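Asker: A predicted structure for the sequence below; I have some questions about it.
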Amino acid sequence: MAIIDTTNKVEIKNQTSSSRKLTTAKAIVEGISQQMEADPSVFVLGEDVGAYGGIFSSTTGLLEKFGPKRIIDTPISETAFIGLATGAAVEGMRPIVELMFVDFFGVAMDQIYNHMAKIHYESGGNVKVPTVLMTAVGGGYSDGAQHSQCLWGTFAHLPGMKVVVPSSPYDAKGLIISAIQDDNPVIYMFHKGIMGLPWMVKNPHAIENVPQESYTVPIGKAKVVREGSDLTIVTLSLSVHHCLDVAEEVSKEGIECEVIDLRSLVPLDKTTILNSLAKTGKLIVVDEDYQSFGLSGEIAAIVAETDPRMLKGPMKRVCVPDVPIPYARSLEYAVLPTKERIAEAIRQILL
Amino acid sequence: MAIIDTTNKVEIKNQTSSSRKLTTAKAIVEGISQQMEADPSVFVLGEDVGAYGGIFSSTTGLLEKFGPKRIIDTPISETAFIGLATGAAVEGMRPIVELMFVDFFGVAMDQIYNHMAKIHYESGGNVKVPTVLMTAVGGGYSDGAQHSQCLWGTFAHLPGMKVVVPSSPYDAKGLIISAIQDDNPVIYMFHKGIMGLPWMVKNPHAIENVPQESYTVPIGKAKVVREGSDLTIVTLSLSVHHCLDVAEEVSKEGIECEVIDLRSLVPLDKTTILNSLAKTGKLIVVDEDYQSFGLSGEIAAIVAETDPRMLKGPMKRVCVPDVPIPYARSLEYAVLPTKERIAEAIRQILL
Amino acid sequence: MESQTRLDLYTQMVLIRSFEEAILQNYHADKKPLWDIGAGLIPGEMHLSAGQEPVAAGICAHLSANDAITAAHRPHHLAIAHGMDLKSLAAEIFGRQDGLGHGRGGHMHLFDPTIHFSCSGIIAEGFPPALGQAFAFKNKGSDAVVVAVAGEGAANQGAFHESLNLASLWKLPVVFVIEDNDWAISVPKEASTSVVSNATRAAAYAMPGQRIENNSVEEIYKAAGIAIHRARSGQGPTLLEIHTLRLWGHFEGDAQGYRPDLEQVPTHDPIPAYEQQLKQEQILDDQLIQQIRQQANEQVTLAIDYAKASPVPDPSSALEYVFC
Amino acid sequence: MESQTRLDLYTQMVLIRSFEEAILQNYHADKKPLWDIGAGLIPGEMHLSAGQEPVAAGICAHLSANDAITAAHRPHHLAIAHGMDLKSLAAEIFGRQDGLGHGRGGHMHLFDPTIHFSCSGIIAEGFPPALGQAFAFKNKGSDAVVVAVAGEGAANQGAFHESLNLASLWKLPVVFVIEDNDWAISVPKEASTSVVSNATRAAAYAMPGQRIENNSVEEIYKAAGIAIHRARSGQGPTLLEIHTLRLWGHFEGDAQGYRPDLEQVPTHDPIPAYEQQLKQEQILDDQLIQQIRQQANEQVTLAIDYAKASPVPDPSSALEYVFC
Ligand SMILES: Cc1ncc(C[n+]2csc(CCOP(=O)(O)OP(=O)(O)O)c2C)c(N)n1
Ligand SMILES: Cc1ncc(C[n+]2csc(CCOP(=O)(O)OP(=O)(O)O)c2C)c(N)n1
Ligand SMILES: [Mg+2]
Ligand SMILES: [Mg+2]
């Protein structure tokens, strides 16, 4: 555990000799691998996590390294194997269980939210359930209404699980290690578009310097990924990069956006959000999940509860407008929080 | 269809000779019964909806009236029978399918939100899915963490279904008829505490005059159940009655609350909320669902998007504070939105 | 079978019944005159297991505290037979601070890590966690086993299928037990289940399956012994269906209007029947019966008194234990 | 079997293959040099059914447009054999305005009410809606049936179990078909399924079960005929498992490194094999083959051209069709 990220400011990353560029996928695998070496109770199970290496490369190479007793392919029985993770955790193991796409949660939601999430409370603290439920989120490649959702709002609404959403290789590694070490159930949601997959449009931010050593990034601390004084953009996951790109663009026009990468929804780092808003007075929430009854609302409520006068003008939401994700590219990009929509919101909010 | 409720003001109910006092449960049954008489494609299925008459009396007497071909007890196979409802609706029937407790959604959520809710969109409008998913919500009687939730925020977050939540016998009947007639999938969530059950503490508001004739209450229109100028309370379901009771109390001290019964979350009647807030400038959301990433946030966002200056002071939320519902009465009533908590919020907001 | 074993089975059943009768009495004591499910010393739904004691006694006789049980919404008989401390159990049912879950869980959510006991109010959803406990036991090289119990209604849930398949595939040390009490609330088995016996379904997972008739504690004891031995010795899971009896309503307050055989039900009570049998075989006599009952009552009284004396949880602690 | 029927089966398979080869080509045509799944004329995941044509041809030969099919993520063969308009199908796959779902659905979400066709990208979750269609058909007094198709991987999902139980219990006119192509993405059947044949599982629902070996279109045709007749005449559901072949990758882009038999796979292609057989039996000759292929290609070319000519959906219409 070399580096503990305790800052919520733009991070000064250890560019030690031991760091090299990794994709997010490789950073996750490295984090899992280091925890598996450190702790024999950690194991991975899910569909195609073995020989295939994870449909989104979240487990590539682990089978070769740890063998089929610790990297376990399952039948397509999410209720059974997610429940298995819960039971194994109750008996002291530390399972990482992959739900291939978060969109499939509905076939196993009872195990997730009525069991994994609630047992600790129901037992009055006598039983711990240290599981990591790892899952792929997000759209943008025409996978349609059942394979393109983010749904973090759904999980954040229900009590009992931490909800972690990395946006970069560095955070992805530090957060997966924190998640595995956490004694609580954690849902760890990686966006396909930040994994650096060889078969998907490559986001330049999906690869960066990552220290070789094991390190943690604390769960529950947002990161100010860009400082700015004119407005605050609260976002997470792939959208962080879109926001940063647009922020650079509009910076040329003299507009300085502060961009906050939440990194986790539960716990939610209210302080970082409110501090930024106190400075800028303008708020945009960019969220690839459905708009209503979700993240953007929660941010608004935090502000309204604290002091609505912090908002010097109407808030803007750039989210998926309560529609199943359409297949056709033209339609999908009309509902995703694209750079165009973000830029448009920035211009509107400064009118 | 005698009476169409088109007002969103305090309702003047037809106290015609044809109305008599009914409990909410009986009002729902009457609504279903009248639609079943009017339309042979309507049928009811679910666990214990037949001889038992519905665990919360939502189908009592229907088996005797319509027989086992239209009132159908199912195995405990929610995925199969909720999916069955979808398939039957696709072929032109109008199923009312009961999920005994909303808490069980996790065993069948894929059928609900990936199928029932999305087929219409995915088919480009070519397929209609006129189902009513009827379900019991709410706590207050020590049924523990897996049998006491409201979860309407979860359903409202996901696109494709209307979300209807009645609070009174009159609305319950009019809304169930609207739901059955609606060509879209509708989730209809009744609170156990408003059903007027003989075996649960009786809320005096759970019984009122209900016209005998068939009538509809429009889905998507909130109701101002009490006018007031000092503050706006947005709420729904059982909490409506708690809010009204507290409003009467504090009225004696000269505080006049306007109370809005949302009646549906999807569609959400923003206009009624904003009109009220424009008048009062003070907002409390009272919600028996979990606090974060839910209804209270959405209301805050609507205000923040429209004009944050409408809020003349911080908003208050009286919700379940992100904890599984505890069993012990002392603990459960510490987390429910009780009259005490509502009264406390009112006093605080007027400080 | 040895006399002592038979006596133990009887004693276990009496203890369970004694406990549940006390719960029954306390549950109804203060809900009148306007019966309110949420009121009284014991609030909430109450699913008692009277009539199903043979299942618990017969199975748990083969288990130690290292073995696990996952039960359903009707868990008391299994909890007691598996050795749960009656005081902690009673205190949890009364919603008190000294309860197993400090009053957070309630009677459908009993978690006792010291005896690896858990239960769930969601039908059939206790099976998947059982797989994980079995996986962990196997992984540790222990010979502990898990018994996963659910009703015949539960055998039509998806979780049943997924769990049996996975357990068989990975040869997990689990014994799946279906308590067939003929009813799932008001729905009779023939209206829920496309086969007469769930034992038939074992073949769908290449595991042994057996149905035990007549609610016979001794037959249950024998079949469970074989199945548990099989699991313990690494040969994988078994499915048992046990024909048992729901002596009372689905939950307290259930008038059972849907039950045609209602009046006959008490005549099938397995405890007097077994008592008769053991008396005839001179393993029991009236004096011993009295003694066993009295000992059971004493334990139960202590437990109920303990529960009543335990403090009501402090409302200000309601948010404790959401996270570690 | 009549020669015409055999010829029809062959013709159907050729048409399906022809269509999928065109999709394959168009799918990969414009994703290079940096292969991007979301780019090109046909974006997104693409699960082609090459090798599984015998299943579709053999079953659908017994169906009319009044009958329903629910398919899974690999639906094209069934859609085509059931008579889906190739143009609307192609246009949907291309994400165009004239597609079945006006570009909203895509290749895993094909809904054609005129032939009662639907599919779902969620494993086994096409089964429950099939029950409802069957229920509606039965209710109307029609003799229409539903064929619900999923892969062998899907047979371990809870929805499989619940659906088969309910269908048997209510004697619904459904035929459940498991396409066993040995693989669920990279997971072989023996790593997912505790029984050798899913036909064994039929007994768990008191319905007939049959496994058809060798990807034989004629055996499939025969078994499906019996099962569909059974359903149509009110005798209830059947479970068929068909051993078939995934000729290509799980989806396009799948390098199949996990597949040990990879090089042998093309030698098992059922279409050349059936062609050979029919030639030997003088039902086919080279000229007829040419003619059948050409007719198929012409239809396919028309469909692909239609798709390409259809307008891209207007972004401003993205919110249409959420509600009626
Ligand atoms: C998934 C789910 N569906 C429905 C219920 C409501 N419910 C509670 S007990 C019960 C009947 C259970 O029958 P069975 O499995 O035979 O157990 P028994 O009550 O007879 O012991 C039902 C339907 C539930 N708790 N969970
Ligand atoms: C519930 C669910 N889990 C996982 C997936 C991801 N997935 C898509 S196809 C597939 C394999 C399916 O195998 P099988 O049922 O044998 O069908 P095949 O692909 O061989 O036609 C998986 C795991 C899914 N779509 N839905
Ligand atoms: Mg039962
Ligand atoms: Mg397969």
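Answerer: Arrived safely, thanks for sending. Keep in mind that this is a model prediction, so the values were computed, not measured. Ligands and ions are numbered 1, 2, ... in the order given.

Asker: Now do the residue lying closest to A:Thr306 once chain neighbours are set aside against A:Thr232, distance only.
Answerer: Distance criterion CB to CB, 6 or more residues apart in numbering or on different chains; nearest residue to A:Thr306, sequence neighbours excluded, is A:Leu274 at 5.9 Å. The way it works is simple: take the backbone N, C-alpha and C, and place the C-beta from them, glycine included. Using CB to CB, to the nearest Å, A:Leu274 is found at 10 Å from A:Thr232.

Asker: more crowded one of those two?
Answerer: Using other CB atoms under 10 Å in any protein chain shown, the more surrounded residue of A:Leu274 and A:Thr232 is A:Thr232, with 28 against 17.

Asker: Which secondary structure state is assigned to that one?
Answerer: strand (DSSP: H, G, I helix; E, B strand; the rest coil).

Asker: cool, A:Tyr170 as well?
Answerer: Strictly by three-state DSSP, A:Tyr170 counts as helix.

Asker: Let me see the contact set for C:Gln97.
Answerer: Residues counted as contacts of C:Gln97 (CB atoms under 8 Å, 6 or more residues apart in numbering or on different chains) are C:Ala91, C:Gly103, C:Ser310, C:Pro311, C:Val312, C:Pro313, C:Asp314.

Asker: which of those residues lies closest to A:Thr86?
Answerer: Using CB to CB, C:Gly103 is the member of the contacts of C:Gln97 that sits closest to A:Thr86, with 22.5 Å.

Asker: which ones are touching the closest one?
Answerer: By CB under 8 Å, 6+ apart, the contact set of C:Gly103 is A:124, B:326-328, B:330-331, C:91-92, C:95-97, C:312-313.

Asker: which residues touch the most centrally placed residue in chain C?
Answerer: In chain C, the centroid-proximal residue (CA atoms, centre = their mean) is C:Leu78; its distance is 3.3 Å. Counting by CB under 8 Å, 6+ apart, C:Leu78 makes contact with C:Ser49, C:Val55, C:Ala56, C:Ile59, C:Cys60, C:Ile69, C:Ala71, C:Phe117, C:Cys119, C:Val149.

Asker: Not counting sequence-adjacent ones, nearest residue to the fifth one?
Answerer: Excluding its sequence neighbours, the residue lying closest to C:Cys60 (CB to CB, 6+ apart) is C:Ala81, at 3.6 Å.

Asker: what about the one you found, distance to C:Ala273?
Answerer: For C:Ala81, the distance to C:Ala273 - CB to CB - is 18 Å.

Asker: Have a look at these two and say which one is more surrounded.
Answerer: C:Ala81 (23 against 16).

Asker: tell me the pLDDT at the more buried one?
Answerer: pLDDT, C:Ala81: 98.

Asker: these two touch, right, it and C:Ile59?
Answerer: Yes - under the criterion of CB atoms under 8 Å, C:Ala81 makes contact with C:Ile59 at 7.3 Å.

Asker: Need the per-residue pLDDT for residue 217.
Answerer: All of this is about chain A. For A:Val217, the pLDDT comes out at 98.

Asker: Let me rephrase: I mean chain C.
Answerer: 98.

Asker: For it, give its distance to C:Ala223.
Answerer: In terms of CB to CB, C:Val217 sits 11 Å off from C:Ala223.

Asker: Overlap of the contact sets of those two?
Answerer: What both C:Val217 and C:Ala223 touch, as defined by CB under 8 Å, 6+ apart, is the set C:Gly58.

Asker: Could you check which of these two is surrounded by more residues?
Answerer: C:Val217 (29 against 23).

Asker: dump the residue contacts of that one.
Answerer: By CB under 8 Å, 6+ apart, C:Val217 lies in contact with C:Leu9, C:Tyr10, C:Met13, C:Glu53, C:Pro54, C:Ala57, C:Gly58, C:Pro270, C:Tyr274.

Asker: separation between the nearest residue to C:Asp143 once chain neighbours are set aside and A:Met195?
Answerer: Excluding the flanking residues, the one nearest C:Asp143 by CB to CB, 6+ apart is C:Arg232, at 5.0 Å. Noted for C:Arg232: a distance of 43 Å to A:Met195, by CB to CB.

Asker: Out of the contacts of C:Leu78, the closest to ligand 4 would be?
Answerer: Nearest to ligand 4 among the contacts of C:Leu78: C:Val149, at 33.3 Å, using CB to the ion.

Asker: The closest one belongs to a strand, doesn't it?
Answerer: Yes - counting by three-state DSSP, C:Val149 is found in a strand.

Asker: That one reaches C:Val55, doesn't it?
Answerer: Yes - C:Val149 lies in contact with C:Val55 (CB under 8 Å); the separation is 7.4 Å.

Asker: So between those two, which is more surrounded?
Answerer: Shown here are C:Val149 and C:Val55; by other CB under 10 Å, C:Val55 has more neighbours (31 against 28).

Asker: since we're on C:Ala309, how many residues are nearby?
Answerer: Using other CB under 10 Å, C:Ala309 is surrounded by 12 other residues.

Asker: Name the residues of the stretch 151-300 of chain C found near ligand 3, please.
Answerer: Residues of the stretch 151-300 of chain C lying close to ligand 3 (CB under 5 Å from the ion) are C:Gly151, C:Glu152, C:Gly153, C:Asn181, C:Ala184.

Asker: 8 Å - rerun?
Answerer: C:Gly151, C:Glu152, C:Gly153, C:Ala154, C:Glu179, C:Asp180, C:Asn181, C:Asp182, C:Trp183, C:Ala184, C:Lys189, C:Arg246 (CB under 8 Å from the ion).
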